[in-house]
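Trainee: Sequence plus predicted model, see below.
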Amino acid sequence: MNASTVATNIYTKVSESARRLHAVDAALALTALWAVLTAVRAARRRLKTTQLRGPPNPSLLYGVGKDVAEATDSGALMYEAWAEEYGVVYQVPATLGQTKIVLTDPRAIAHFYARETWTYVLTPLSKALFERGFGRGLLWSQGESHRRQRKSLTPAFSNAAIRKLAPIFYDSVYKAKGAWDALIEAGGNDSAIIEVQSWMNHISLDSIGIAGFSHDFGSLDGKKTSVTEVFDAFGHSSSAINVVLLLLSQAFPFITRIPTSRSKLIRRLNATIGEISAVLLDRTRKEKELGIADEKGDHSIIGLLIKGESKDAELRLSHEEIMAQMKVLLLAGYETTSVSLTWALIELSRNPDVQTKLREELLLIGGDPTYEQLTSSLPYLDAVVHETLRVHPPLQEFTRVAAEDDVIPLSQPVRTKSGKVVDHISVAKDTLILINVACINRSAAIWGPDAKVWKPERWLEEDGIPKKAQEVQGHRHLLTFVDGPRTCLGKGFSVTEFKTVLSVLVKNFVFELRDGPETKLEIGRGILPRPKLVGEVGTKTPLRVRRFEA
Ligand code: HEM
């Protein structure tokens, strides 16, 4: 090796070390900057946000998040007990020293929802999860983009549109009825044990497939679909390790990028939805161009969306946009409706008198109720449906972050940490706000002493809905569909489906808990909390189903 090679080598090594040092220095500088910015933001938040009282921190790592998640359905009771102790708004410790402000006051909640998607927006974690799993559709968007997307979808959810979709719900539930009749027949008795939850999944999936985008998933005919696999896989994320990862990703959203078996399933879901949407897009645009009569054409939600699009190329929906909205419909509409139907069958089994009274109301109508009768001529059915939605809201908790400073008014004063009594609170930009829907829907302070009891009669009694509950804004004073710009677009759709399915099932079958009144239930997991019989694997809800003979 000559002197010049040695000199070159030394030079290369020195400059490599210098580059490495530069990289390390840059990383250290960035980390320090991040730490300073985080500390400044936290200090600003503390200074500008009313310091509220609240429970002590059980864990530096998770705050109260892990305890609430592990308590499943009883999480709502924890929030209610804290409201009794600390007032209608209070703060709870969250992941890695963060704090969330919990709202349980109807006025504060109404103020919050009026500003959803603008002042109160998705947390970086929710946004990342929605985008990765389900695309840049309605659930992911906020502000102006949300308003634009929602405006384009709204006509497809009008009463007239849903009226046309009602026969689809009847088709689905009659398929289930036929299969149940066969099961009972095969057993040679007048009854059979039927795992109703999976049937409610099938009804709900096939209905949203056909009504949402003219695709028959065929799950009621026994077909396996990648959609249900993905949803089940999401559900199994509630193992201890996944709860921990989910809680930690609230502070570090990059954790959601770690590849898992679920990312593979999401790719499959995307492929399936991609194929379905390509067919739908092609067929519906052709129908539109050929001017095929409206009565014969596609009435599905996405079909109407495509037909309503402008000829202007810039305003035409891209394949990606169509796919994103289809996935939104699946995510928003499939499991929610299925869980609600399952709870209704459980509550009717627990309350045979209510079941009999409901059946009597349905039998008085004669044949199957029309859309108009479902909407306004069956008050007891309406009460059963809304009581189920009140006591068992499928979506239980929402966290949002303030995108700007705000002042939230209260309907009753609270005492702050410093002992001051205030009738409004200040929240600084970046403050986390939490609303637990189940807590509000079942709060004794709002719904009275029997708030936890499933009692459809309350919807029919003159003073069944207490004054405080009437202050809650939202569909029928419930937060089940939340409120404001993001209020469930599909509530008319889902209530109609709920009523159609229940009307056929209750008219034709009698439901009983499998092991009699002592049957024990607990909460299992799909993507959402789901009821299950204690001891069953997965979220199984077997009920005894008897044919009803008049
Ligand atoms: C019992 C059944 C249902 C319940 C309890 C329910 C509840 C909700 C809730 C709480 C939201 C707000 C989500 C958020 O803020 O992140 C929502 C949004 C939404 N739901 Fe539902 N939903 C149900 C059924 C359906 C069905 C069947 C469909 C469609 C056919 C649907 C379509 C939507 C859509 C499109 C949104 C997004 C609205 C927006 O962001 O503007 N939902 N739903």
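Mentor: Right, received. Where do you want to start? As the structure is a computational prediction, the values presented were derived from the model and not from experiment.
Trainee: right, and the helix or strand after the lowest-mean-pLDDT helix or strand in the chain?
Mentor: Within the chain, confidence by mean pLDDT, DSSP states H and E is lowest for helix 240-249 among all helices and strands, at a mean of 63. The C-terminal neighbour of helix 240-249 among helices and strands, as given by DSSP states H and E, is helix 261-290.
Trainee: So which bits of that next one are buried?
Mentor: By neighbour count with 16 or more other C-beta atoms under 10 Å, helix 261-290 contains the buried residues 265-266, 269-270, 272-273, 276-277, 280-281, 284, 287-288. Heads up, the C-betas are built off the backbone N, CA and C, glycines and all.
Trainee: For this structure, what lies in contact range of the ligand?
Mentor: Selection of the chain residues close to the ligand by C-beta under 6 Å from any ligand atom yields 138-139, 150, 208, 212, 328-329, 332-333, 336-337, 340, 394-395, 480-482, 486, 488-490, 493-494.
Trainee: Which segments of this structure make up each domain?
Mentor: Per the TED database, the structural domains of the chain span 1-44, 45-547.
Trainee: and Pro259, how many neighbours?
Mentor: 7 (other C-beta atoms under 10 Å).
Trainee: same deal with Lys452?
Mentor: 14.
Trainee: helix, strand or coil for it?
Mentor: coil (DSSP: H, G, I helix; E, B strand; the rest coil).
Trainee: I'd assumed Ile446 was in contact with it.
Mentor: No. The pair Lys452 / Ile446 is not scored as a contact, 11.9 Å apart, by C-beta atoms under 8 Å.
Trainee: could you pull out the strands for this structure?
Mentor: Applying DSSP state E to the chain gives strands spanning 89-93, 99-103, 120-122, 191-195, 397-402, 406-415, 421-427, 432-436, 509-513, 521-525, 529-533, 542-547.
Trainee: Mind putting the ones you listed into a markdown table with distance to Leu364?
Mentor: Below are the strands of the chain laid out as a markdown table (distance: least, C-beta to C-beta, whole Å):
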| stretch | distance to Leu364 |
| --- | --- |
| strand 89-93 | 47 |
| strand 99-103 | 43 |
| strand 120-122 | 46 |
| strand 191-195 | 25 |
| strand 397-402 | 40 |
| strand 406-415 | 42 |
| strand 421-427 | 50 |
| strand 432-436 | 39 |
| strand 509-513 | 18 |
| strand 521-525 | 31 |
| strand 529-533 | 30 |
| strand 542-547 | 20 |
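Trainee: Who are the contact partners of the nearest residue to Pro456 once chain neighbours are set aside?
Mentor: Distance criterion C-beta to C-beta, 6 or more residues apart in numbering; nearest residue to Pro456, sequence neighbours excluded, is Ala383 at 3.8 Å. With contact set as C-beta atoms under 8 Å, 6 or more residues apart in numbering, Ala383 has these partners: 456-460.
Trainee: tell me the pLDDT at Ala383?
Mentor: If you check Ala383, the pLDDT there is 98.
Trainee: The residue in the stretch 351-500 of the chain positioned nearest to the ligand: how many residues sit nearby?
Mentor: Using C-beta to the nearest ligand atom, Gly490 is the residue of the stretch 351-500 of the chain that sits closest to the ligand, at 2.2 Å. Neighbours of Gly490 under the rule other C-beta under 10 Å: 24.
Trainee: can you pull the contacts of Leu505?
Mentor: 173, 176-177, 345, 511.
Trainee: quick one on the thing from earlier: narrow the residues of the chain next to the ligand to just the buried residues.
Mentor: 138-139, 150, 208, 212, 328-329, 332-333, 336-337, 340, 394-395, 480-482, 486, 488-490, 493-494.
Trainee: Which ones among those residues map onto helices?
Mentor: Among those, DSSP state H puts 150, 208, 212, 328-329, 332-333, 336-337, 340, 493-494 in helices.
Trainee: hmm, which two among those residues are most spread apart?
Mentor: Arg150 and Ser340 (22.8 Å; C-beta to C-beta).
Trainee: Alpha carbons of stretch 515-526, as CSV, please.
Mentor: What follows is stretch 515-526, C-alpha atoms only, in CSV (Å, rounded to 0.1, in the frame of the first residue of the first chain):
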residue,chain,number,x,y,z
ASP,A,515,-79.5,-22.5,30.3
GLY,A,516,-82.7,-20.8,31.7
PRO,A,517,-82.8,-17.5,33.7
GLU,A,518,-79.5,-18.4,35.4
THR,A,519,-77.6,-18.2,32.1
LYS,A,520,-74.5,-16.0,32.6
LEU,A,521,-73.4,-13.5,30.0
GLU,A,522,-70.1,-11.6,29.7
ILE,A,523,-68.6,-9.2,27.2
GLY,A,524,-66.3,-10.6,24.5
ARG,A,525,-64.6,-8.9,21.6
GLY,A,526,-65.2,-8.4,18.0
